[in-house]
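Asks: whatever this is, show me its structure:
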Amino acid sequence: MSRPEYYDRHIDVYTPTASDKRRWGKLAEDAGIQLSKWIYETVELHLDEEQPNSRLDVIGELAQLREDKNKLRDELKLKSLLIEKYETELFKLRHNAFDQPELIGKFKFNSDLVDIIRQGGVWSDQDLLKSMHIDPNDIDAIRILSRQLEELQAFGLVESGSRGWRWIK
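Replies: Now for the predicted structure:
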């Protein structure tokens, strides 16, 4: 018999068999809680599964979020490639005079190129292209960049080594 203060919370539960009671008792013991607490938690867990935010709903939402993440990652990759293409075209338009060696006059060097090399260290052609967001497959852009580097070298500002370009002034 339960104590008077528990009368309003007391229920009797009959298991179908004595082995079911022993099995439930063992599960409660393995969980480190009393049998009554284990039964309560099991019932609550079952009731929670019927709620709108059940485990299946959460799993479905997680799958949808993963799918959305992959779509966004693909979209970002495409947009990054598009930006690189536009950066390359802009570079070529701004500095196309370097692609025409017969022209004589003042030409403005790409300030990003100069700033990158002046940071120090040795810069390979690939590293320069990547840092400047220039498509490494665009022959014209590579030719313009190479021409600028050659002009900077002619002025004694950079030098080319086996590993790449470095600022010397």
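Asks: can we go C-alpha only for contacts and neighbour counts from here?
Replies: Will do.
Asks: in this protein, which spans are strands?
Replies: Using DSSP state E, the strands of the chain run over residues 158-160, 165-167.
Asks: quick one: closest of these to Gly25.
Replies: Nearest to Gly25 among the strands of the chain is strand 165-167 (74.7 Å), distances taken as C-alpha to C-alpha.
Asks: give me the contact list for the closest one.
Replies: 117-118, 120-125, 157-160 (C-alpha atoms under 8 Å, 6 or more residues apart in numbering).
Asks: Ile142: which of these is nearest?
Replies: Proximity to Ile142 was ranked across the contacts of strand 165-167 by C-alpha to C-alpha; first place goes to Asp125, at 8.6 Å.
Asks: got the contact list for that closest one?
Replies: By C-alpha under 8 Å, 6+ apart, the contact set of Asp125 is 164-165.
Asks: and the pLDDT at Arg55?
Replies: As summarised for this prediction, Arg55 has a pLDDT of 64.
Asks: same check, this time on Gln100
Replies: With respect to pLDDT, Gln100 scores 65.
Asks: and if you look at Leu78?
Replies: So Leu78 comes in at 95 (pLDDT).
Asks: any figure for the gap between it and Gln64?
Replies: To Gln64, Leu78 is 21 Å away according to C-alpha to C-alpha, to the nearest Å.
Asks: which other residues reach stretch 19-27?
Replies: For stretch 19-27, contacts defined as C-alpha under 8 Å, 6+ apart pick out 15, 35.
Asks: packing partners of the worst-scoring helix or strand of the chain on mean pLDDT?
Replies: One helix or strand of the chain scores below all others by mean pLDDT, DSSP states H and E: helix 35-50, with a mean of 80. Applying 3 or more C-alpha pairs under 8 Å, 6 or more residues apart in numbering; DSSP states H and E, one finds that helix 35-50 makes contact with helix 18-31.
Asks: show me the helices in this protein, by range?
Replies: 18-31, 35-50, 55-94, 111-118, 125-131, 139-154 (DSSP state H).
Asks: just the ones you listed: most buried one?
Replies: Of the helices of the chain, the one with the most neighbours on average (mean count of other C-alpha atoms under 10 Å) is helix 139-154, at a mean of 17.
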